[in-house]
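Q: test case, fold it:
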Amino acid sequence: MAKQPSRKQSRDPEQRRTDDLNRALEQITKDFGKGAIMRLGDDDAVLNVSAVPTGALALDIALGIGGIPRGRVTEIYGPESAGKSTLAQHIIAESQRLGGTTAYIDVEHALEPEYASQCGINVDELLISQPDTGEQALEICEALIRSNALDVVVVDSVAALVPRAEIEGDMGDSLPGLQARLMSQALRKLTGAVARSNTALVFINQLREKVGVVFGNPETTPGGRALKFYSSVRIDIRRIESLKQGPNVIGNRVRCKVVKNKTAPPFRQAEFEIMFTPEEHGISRTGNILDLAVEYEIVKKLGAYYSLGDQRLGQGREAAKAYLREHADVAADIETAVRSAAGIPDPDASQAVAEAEALTSGSTPSGSPPSGDQPSASGELPLDA
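A: So this is what the prediction gives:
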């Protein structure tokens, strides 16, 4: 009887699993495109979160990454006249200063161009929309994000997103849960597009009170719970003090609490001033730098005098702030020292590095993927409840 040929030795089980996995990865890439799945250690897997500065250095430090995260959803909420819109406008101004393109979806129809300009916004370059319904606002928001050309989009505010059915109905009609369903469906569609386009999406929200709450905090935010889940960062901003000069109120001191943060440790707090004087409008940059410099012992405070080494900045806080306004180079040096002490990157330096890397690699400087890689925005979204 002829000898049977020996059977080929079976492959190593681990090698077989590796080959099967590689075939599966190749098939996924073929079916869904490059980047649909990748190893976290690959050079192409750019998952490090970049940030857009808020204009308040103390808040940038509290957020842990130097600002609000790009490619994520951020919610800013608080009581009336706390500084929510002012903070959002400073985020837009900082993005524009770094060369970004921004949009403001003014659902409340309350944007004041002159005040926005005083906060540092280039109003000529700002994209603004004042939609009539909540569905229209969110459709415009999605179209802008899917264009891959926006760095920051602000929606002001969630509470003003009125569903079309409510507008077309009569006063007094009971339509429970309509706005919550609208937000839930919209966020399911927006989250992926926000991540792919590397856009910072900011929702401003108001406060309401739950009826019948005896124990605990009765405050809640309108729009349902979806935004709480989808937000990577939630900032609670409150006015804690009115700043007076004689009988006149010249500003507010506000406290921001980072109640949720997926990019750094949460529950950090930051305080800064929002001024209404001819010298300063919006967030006081010099006041914020001065307070942090004293906290990090970069500037010495002896009695009423502020000193930077042997250099006297002024007697009294307002005099020291005025000195920093007049000597921008000194303020910039102090800010750099504060950022170094706090471990927060300088956005100008980070932008320069990103642009240099983009020129070397031939990619887009903003870090967003090329517009051809993403599908175009669909027509009308079925957001009706």
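Q: run through the strands of the stretch 201-350 of the chain in chain order.
A: 208-209, 219-220, 233-245, 248-261, 269-276, 281-283, 300-302, 305-308, 311-315 (DSSP state E, counting those that start in this stretch).
Q: tell me the most buried of the ones you listed?
A: strand 281-283 (a mean of 23; mean count of other Cβ atoms under 10 Å). Where C-beta positions appear, they are placed from N, C-alpha and C, glycine not excepted.
Q: partner strands of it, with direction?
A: Each strand paired with strand 281-283, and its direction, by DSSP bridges: strand 269-276 (antiparallel).
Q: dump the partner strand to CSV, restricted to CA.
A: In CSV, the C-alpha atoms belonging to strand 269-276 read as follows (Å, rounded to 0.1, in the frame of the first residue of the first chain):
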residue,chain,number,x,y,z
GLN,A,269,-13.8,76.1,39.2
ALA,A,270,-12.6,79.4,37.7
GLU,A,271,-13.4,83.0,38.6
PHE,A,272,-13.0,86.0,36.3
GLU,A,273,-14.5,89.5,35.7
ILE,A,274,-16.8,90.6,32.9
MET,A,275,-16.4,94.4,32.5
PHE,A,276,-18.6,97.1,31.0
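Q: and the residue nearest in space to the middle of the chain, what are its bridge partners?
A: When Cα atoms, centre = their mean is applied to the chain, the residue found nearest the centroid is Ile68 (3.5 Å). Note on Ile68: beta-bridge partners by DSSP bridges are Val52.
Q: a markdown table for the strands of the stretch 201-350 of the chain, including mean pLDDT and distance to Ala226?
A: A markdown table is the format used below for these (pLDDT from 0 to 100; distance: least, Cβ to Cβ, whole Å):
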| stretch | mean pLDDT | distance to Ala226 |
| --- | --- | --- |
| strand 208-209 | 93 | 16 |
| strand 219-220 | 94 | 13 |
| strand 233-245 | 96 | 13 |
| strand 248-261 | 96 | 14 |
| strand 269-276 | 97 | 26 |
| strand 281-283 | 95 | 29 |
| strand 300-302 | 94 | 46 |
| strand 305-308 | 95 | 47 |
| strand 311-315 | 93 | 48 |
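Q: do you know which of the ones you listed lies nearest Ser147?
A: strand 233-245 (23.3 Å; Cβ to Cβ).
Q: helices or strands up against the closest one?
A: The contact analysis (3 or more Cβ pairs under 8 Å, 6 or more residues apart in numbering; DSSP states H and E) places strand 233-245 against strand 73-77, helix 84-97, strand 248-261, strand 269-276.
Q: returning to what we had before: need the strands of the stretch 201-350 of the chain in a markdown table with distance to Ala143, can you?
A: As requested, the strands of the stretch 201-350 of the chain are exported to a markdown table (distance: least, Cβ to Cβ, whole Å):
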| stretch | distance to Ala143 |
| --- | --- |
| strand 208-209 | 29 |
| strand 219-220 | 30 |
| strand 233-245 | 24 |
| strand 248-261 | 28 |
| strand 269-276 | 32 |
| strand 281-283 | 29 |
| strand 300-302 | 51 |
| strand 305-308 | 49 |
| strand 311-315 | 49 |
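Q: could you give me the buried positions within stretch 100-115?
A: Residues of stretch 100-115 classed as buried: 100-107, 111 (neighbour count, 16 or more other Cβ atoms under 10 Å).
Q: actually stretch 73-84, sorry about that
A: 73-78, 82-84.
Q: stretch 328-335 too?
A: 331, 334-335.
Q: of all those residues, which comes closest to Pro218?
A: Nearest to Pro218 among the buried residues of stretch 328-335, with distances taken as Cβ to Cβ, is Glu335, at 39.9 Å.
Q: about what we covered before: of the strands of the stretch 201-350 of the chain, which is nearest Ala159?
A: Here strand 208-209 is closest among the strands of the stretch 201-350 of the chain (Cβ to Cβ), at 7.8 Å.
Q: direction included, what does that closest one pair against?
A: By DSSP bridges, strand 208-209 pairs with strand 219-220 (antiparallel).
Q: can you tell me what sits against the partner strand?
A: 207-210 (Cβ atoms under 8 Å, 6 or more residues apart in numbering).
Q: contact partners of stretch 172-183?
A: 134-135, 138, 158, 161-163, 165-166, 169, 222-227, 383, 385.
Q: and Asn152, bridged to which residues?
A: Not quite, residue 152 is Val, not Asn. Thr102, Ala200.
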